[in-house]
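>>> coordinates only, sequence not included:
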Ligand code: GDP
Ligand code: IMO
Ligand code: MG
């Protein structure tokens, strides 16, 4: 059996959590492959809203195994908070969640380093989520990281060495060694809680499950434009958010990848700093933010809003090998009489449909204007019910992107979803 992948094609927050939850009944396993608690995946059903950060979005279906794969960076403290909240709402999480021994641990000092490094950057801040993601992946790549499997047996020597190294670095950066006693005690206590879970060799488990014919969905975090290799570098996260990241993060061979679901909003958002060619600084941008409730699920920060960028989407589809597209938040554009879509960039006076090396400056989006549908989509549940103007927008996008749109989301709730195939 091949593993399917679902990932974001823009700058994150496309609605991955909602769709993974919708698709989970068709899967036996849902697995996160990269990122960490910088993610905030929102699910809504039965009048309740949940935000997941490290735990896969398949967690609300009793019969689904959820795996936190080895490519993830993992904060025991935030995990405990998240897991206890789920336990309190009746999810038997210890039964259905497994955690890889290979996850790299986010230490309290990684979070301090994240903050200190951002501060040191001054005007060129990335606007990170402050969760210690960059410093943790930096330690991983520089071969100084601490994995869950390193400490789970009780030997804390690797942790202590990393902590002491970080404290020396923090003293250099900030002029004083931080007092981490309280944060450390909390972290060690949370590690005890984590020990109660099934901590596994996830690459073996994942391949065993596939060999047994189990259906697996790999859940991405962030989005393609935040990928460390192909995103708007350096304004990116520190992991591979693309399909290749599912292979490395879970130990799935490339030939064992099946469908790749690429998810995008009917417009575009970005949170944090960095270039955004189609960003709207006017009333339209503000209207999209208000109607789409575009505020960060984790940080509460205002999301920057703009028109859909088909140049960036085509690039993302190419990098990921997307086989099916999923369009989210279509309802947010219900009231617009005209919608714009960026079909090309003008760079130094020349038009290009190819995503350039840099989108920092001198990029002018070339727009196509499409008539709006001016009809509320929220109550529609079948493709046939949708207004003709909306269907024309879907066809336009499918042609521009050369990929079918198979799921359309018309509201945040699980039920507000139209599946075409
Ligand atoms: P993720 O990080 O990709 O899982 O996305 P987030 O959860 O950070 O952000 C998506 C936001 O949009 C959440 O608040 C969702 O509840 C909401 N949402 C998802 N799909 C739709 C939709 O089709 N319409 C509207 N109006 N909201 C949606
Ligand atoms: P989900 O999974 C949107 C952004 C941050 C910042 C940059 C680097 O919910 O889509 P980091 O803390 O990772 O070092 O921050 O990446 N970022 C996200 N933006 N959605 C996310 O996750 C994000 N995770 C990180 O705002 O610009
Ligand atoms: Mg999010």
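Thanks, I have the structure now. Predicted, not measured: the structure shown is a model, and the values here were computed from it. Numbering: from 1, shown residues only. Ligands and ions are numbered 1, 2, ... in the order given.
>>> Identify the residues contacting residue 78.
Listed by C-beta atoms under 8 Å, 6 or more residues apart in numbering, the contact set of residue 78 reads 37, 53-54, 106, 131. No exception for glycine: its C-beta is placed from N, CA and C like everyone else's.
>>> Among those residues, pick out the one closest to ligand 1, please.
Using C-beta to the nearest ligand atom, residue 53 comes nearest to ligand 1 of the contacts of residue 78, at 9.7 Å.
>>> Residue 42 is in contact with the closest one, correct?
No: counting by C-beta atoms under 8 Å, residue 53 stays clear of residue 42, with 10.7 Å between them.
>>> Between those two, which is the more surrounded one?
Higher neighbour count among residue 53 and residue 42: residue 53, with 22 against 18, using other C-beta atoms under 10 Å.
>>> now what about the biggest helix by length in the chain, what contacts it?
The longest helix of the chain (DSSP state H) is helix 157-174. The set of residues external to helix 157-174 that reach it, using C-beta under 8 Å, 6+ apart, is 105, 107-110, 112-113, 116-117, 120, 135, 139, 144-146, 150-151, 177-178, 180, 184.
>>> With stretch 56-66 instead?
Residues contacting stretch 56-66 (C-beta under 8 Å, 6+ apart): 16-18, 20-21, 24-25, 27-32, 41, 43, 45, 50, 52, 55, 67-68, 86, 91-93, 96-98, 209, 214, 217, 219.
>>> quick one: which of the residues you listed sit in helices?
Short answer: the contacts of stretch 56-66 in helices (DSSP H) are 16-18, 20-21, 86, 93, 96, 209.
>>> Include neighbour count, distance to residue 191 and pLDDT when you put these into CSV, please.
Formatted as CSV, the ones in helices among the contacts of stretch 56-66 follow (neighbours: other C-beta atoms under 10 Å; distance: C-beta to C-beta, whole Å; pLDDT from 0 to 100):
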residue, neighbour count, distance to residue 191, pLDDT
16, 26, 28, 98
17, 25, 26, 98
18, 26, 31, 98
20, 26, 27, 98
21, 26, 29, 98
86, 18, 19, 97
93, 18, 17, 97
96, 20, 21, 97
209, 19, 27, 98
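>>> Now the stretch 251-400 of the chain against ligand 2: closest residue?
Counting by C-beta to the nearest ligand atom, the stretch 251-400 of the chain gets nearest ligand 2 through residue 272, at 2.2 Å.
>>> What strand or helix carries that residue?
Using DSSP states H and E, residue 272 falls within no helix or strand.
>>> follow-up on the earlier one: would you point out the most distant pair within the ones in helices among the contacts of stretch 56-66?
18 and 209 (24.4 Å; C-beta to C-beta).
>>> So which of the contacts of residue 78 wins on neighbours?
residue 106 (31 neighbours).
>>> dump the residue contacts of that residue.
Per C-beta under 8 Å, 6+ apart, neighbours of residue 106: 36-37, 73-75, 78, 131-133, 136.
>>> Pull up the residues of the stretch 101-250 of the chain that are close to ligand 2.
126-129, 131, 133-134, 221-223, 226, 237-238 (C-beta under 6 Å from any ligand atom).
>>> Adding distance to residue 414 and secondary structure, write those residues out as JSON lines.
Below are those laid out as JSON lines (distance: C-beta to C-beta, whole Å; DSSP: H, G, I helix; E, B strand; the rest coil):
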{"residue": "126", "distance to residue 414": "33", "secondary structure": "coil"}
{"residue": "127", "distance to residue 414": "31", "secondary structure": "coil"}
{"residue": "128", "distance to residue 414": "31", "secondary structure": "coil"}
{"residue": "129", "distance to residue 414": "26", "secondary structure": "coil"}
{"residue": "131", "distance to residue 414": "27", "secondary structure": "coil"}
{"residue": "133", "distance to residue 414": "29", "secondary structure": "helix"}
{"residue": "134", "distance to residue 414": "33", "secondary structure": "helix"}
{"residue": "221", "distance to residue 414": "20", "secondary structure": "coil"}
{"residue": "222", "distance to residue 414": "23", "secondary structure": "coil"}
{"residue": "223", "distance to residue 414": "22", "secondary structure": "coil"}
{"residue": "226", "distance to residue 414": "26", "secondary structure": "helix"}
{"residue": "237", "distance to residue 414": "27", "secondary structure": "coil"}
{"residue": "238", "distance to residue 414": "31", "secondary structure": "coil"}
